[in-house]
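J.: just a sequence and a predicted model for now, questions to come.
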Amino acid sequence: MRRRAGRGPSAGFWALLAAMIAVASFISLLSGPMSDPPGWVVTGLRLPRLVLALLTGAALSVSGCVLQSILRNDLATPYTLGISAGAGVVAGSVIVSGLVLPVLGMVALGTLGALLAVTLVYTLASRAGRNDRGSSLILAGVTMNLVGASVLLLFEYFSDASRVLEIVRWMMGDLSVIGWSKPLFLLPVVLAGVAAVELRTGVMNQISQGDDIAHSRGVHVYRERNLLLASAAVLAGSTVGAAGPIGFVGLMVPHIMRRFAGSDYRYLVPASALGGMLLVVLADSMSRVVASPAELPIGIVMSLTGGPFFLVLLLRSGRHVEDG
Amino acid sequence: MSALSMTGVRAGYNDLNVLRGIDISVMPGEICGLIGPNGAGKSTLLRSVIGLGVRMEGAITLCGEDIASIPRSRMARLVSYLPQNFNPSSRLSVFETVLLGRHPYRRGWSMDSREDLETARLCMEETDTWHLRERSFSNLSGGEKRLVMLASALAQEPRLLLLDEPGSSLDFRHQLSMWKLLRKLSGNGIAVVVSTHEVALAGRYMDSVLLLSGGRSAAFGSPKEVFTAGILSEVFQVDLTVLHDGMTDSWVVVPGP
């Protein structure tokens, strides 16, 4: 599919992507056993679950795009800066404490945890490496992830078996919902986050050229990077709060979409949003079918299928993943 | 009215003073060369004009306006800057990379206009990079990348062009083409300030030279005034002989008394 410089991918590309999402959504609605009245299963369980999957896919992919742009590193993901660690520690502490929060509370706390983690990582990186902030951010983020994982293990160590199971289950990712409260709460957050990012894609293009060049073209690099970081944190944090950490989406989708939509973020961001929707919906359908009537956690499905697929893609492309 | 005027400029980073008491004036259509030993402050001078991470005192005016009063978006239409080192992380094509130079003319999200595409094409033709348009920028040679980035800087349609050692990594043919291009641009009224170590070409193509030493102005004037064995030997702290070739109006600097 030929891309036209300055015009992005052709209309056919967008139409094909939309059609694939529509087909995947239809399959998702019909996948898995129908033990209860089919009408209720579809409208009360599967439709909100589908919407949650679409939102989660879009949010994680766009978040990955943003981080790859501002960190100037193709390997950056929503988890690189400790976003999931922050959301995870907050969610884990809620589970351990035995608090029964409404759905919205969990999503809001997940977002808050992600924002706190990013703020901490950014502050530490700013003090540690004034000359190479990108590398310092990644190092601080990786450290935050390790610390967050250890805190979650600590929670498990001191919790009773039922709580441990709940934490472990949450860490595997879970898109199952009953009713519309979770997807409807997430909907405006993801829409606003994706729109905020899309409006800044011109700036992302400039930052990917380097801070000096971006500055010379009129970009307030420091301010814009902070706004983009906050947007990425809100997008990823809210979805982690709603569905737990789901890996690979933020890494894999922008990589795949670059091959079809190019590297211009004006087109890569919406293409990644759509690609993320498609991927998560397909993975969710698979999670319900593979071990039916049992259901596999989507995080496991994503890692087991996405990981090898991504490696094959890298090998076939013959490209090197460049380190910033 | 001068395109760039610096009066009593002191600049540096945090507690480090790099430049002290710089006074220069560059008129529209003039090429001013910055020459000096490594660490003399050439890059800092260029960065101080656009306020790039530099703490600055003194007065700098662009086309008669104090830089402090110029919004950054307008500054980007007046001045374009090509740093010594650049390393774009994206995998854009060459044409897309040049088009990014049109950013100062966009507001919010927009597709590239017909004018953007046409300007980018002209700038690429001027820098002899149009034939590379479909290639990936990351797969170009170092010299080709530099020419493409120069095209991108020109796409900003600046009135002042700041170039930090643009000739490094260019072969003879492309070095000469680049200097001829700068001469052509200056003929269109663009002022150019360029840091370089290429004295021979500097003498031939520059209207004025600022010789920097330890952050201070050691000499400022025409190449003929500045390129003397005494001044250069003192600044570079080695015995140098300066030869002038009248045929090509070039200077050759060789070691030895």
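T.: Thanks, I have the structure now.
J.: now for the residue of the stretch 151-300 of chain A found nearest chain B: which residues touch it?
T.: Scanning the stretch 151-300 of chain A for proximity to chain B using CB to the nearest CB identifies residue A:218 as nearest, at 3.4 Å. C-beta coordinates here come from the backbone N, C-alpha and C atoms, glycine included. Shown in contact with residue A:218 (CB atoms under 8 Å, 6 or more residues apart in numbering or on different chains): B:72, B:73, B:74, B:75, B:76, B:77, B:103, B:104.
J.: change it to 10 Å
T.: By CB atoms under 10 Å, 6 or more residues apart in numbering or on different chains, the contact list for residue A:218 reads A:203, A:206, B:50, B:71-77, B:103-106, B:156.
J.: so it, which of the three states?
T.: With DSSP: H, G, I helix; E, B strand; the rest coil as the basis, the three-state label of residue A:218 is coil.
J.: pop out the phi and psi values for it.
T.: Backbone geometry at residue A:218, expressed as degrees, to the nearest 10, gives phi 90, psi 10.
J.: which residue is nearest the middle of chain B?
T.: residue B:163 (1.9 Å; CA atoms, centre = their mean).
J.: actually, chain A.
T.: Nearest residue to the geometric centre of chain A (CA atoms, centre = their mean): residue A:60, 1.7 Å.
J.: hmm, the host helix or strand of that residue in reach of chain B?
T.: According to DSSP states H and E, residue A:60 maps onto helix A:47-70. Yes. Using CB under 10 Å from any CB of the partner chain, we find that helix A:47-70 touches chain B at A:68, A:69.
J.: got the buried residues for the helix or strand that that helix is followed by?
T.: Where DSSP H and E defines the elements, the next helix or strand beyond helix A:47-70 is helix A:83-97. Counting neighbours by 16 or more other CB atoms under 10 Å in any protein chain shown, one finds that the buried residues in helix A:83-97 are A:83-96.
J.: pick the one among those closest to residue A:119.
T.: Among these, residue A:86 lies closest to residue A:119 (CB to CB), at 9.0 Å.
J.: how near is that closest one to residue B:178?
T.: Residue A:86 is 49 Å from residue B:178, where distance means CB to CB, to the nearest Å.
J.: before we move on, what about residue A:96?
T.: Look at residue A:96 and residue B:178: by CB to CB, they are 64 Å apart.
J.: go on, residue A:49?
T.: The spacing between residue A:49 and residue B:178, counted by CB to CB, is 60 Å.
J.: same question, residue A:153
T.: 59 Å.
J.: again, but for residue A:239
T.: From residue A:239 to residue B:178 the distance is 49 Å (CB to CB).
J.: comparing these two, which shows the higher neighbour count?
T.: Under the neighbour definition other CB atoms under 10 Å in any protein chain shown, residue A:239 and residue B:178 were set side by side, and residue A:239 has more, 36 against 23.
J.: thought the more buried one was touching residue A:189?
T.: Yes. If you go by CB atoms under 10 Å, residue A:239 and residue A:189 touch, sitting 8.8 Å apart.
J.: common neighbours of those two, please.
T.: A:55, A:59, A:107, A:111.
J.: report pLDDT for residue A:258.
T.: Predicted confidence (pLDDT) at residue A:258: the value is 91.
J.: dump the residue contacts of the residue nearest to residue B:61 when sequence neighbours are not counted.
T.: Nearest residue to residue B:61, sequence neighbours excluded (CB to CB, 6 or more residues apart in numbering or on different chains): residue B:5, at 4.6 Å. Applying CB under 10 Å, 6+ apart to residue B:5 gives the contacts B:23, B:24, B:25, B:26, B:27, B:59, B:60, B:61, B:62, B:63, B:64, B:66.
J.: buried among those residues? Make that a ChimeraX selection.
T.: Entered in ChimeraX, the line below selects the buried ones among the contacts of residue B:5, by 16+ other CB under 10 Å:
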select /B:24,25,26,27,60,61,62,63
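J.: filter the contacts of residue B:5 down to just the ones in strands.
T.: If you go by DSSP state E, these have B:23, B:24, B:25, B:26, B:59, B:60, B:61, B:62, B:66 in strands.
J.: still on that earlier bit, check which residues of the helix holding residue A:60 are buried.
T.: For helix A:47-70, by 16+ other CB under 10 Å, it's A:47-70.
J.: redo the ones in strands among the contacts of residue B:5 as a markdown table? Include pLDDT.
T.: Below are the ones in strands among the contacts of residue B:5 laid out as a markdown table (pLDDT from 0 to 100):
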| residue | pLDDT |
| --- | --- |
| B:23 | 93 |
| B:24 | 93 |
| B:25 | 94 |
| B:26 | 96 |
| B:59 | 93 |
| B:60 | 94 |
| B:61 | 94 |
| B:62 | 93 |
| B:66 | 93 |
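J.: perfect, I'm done here.
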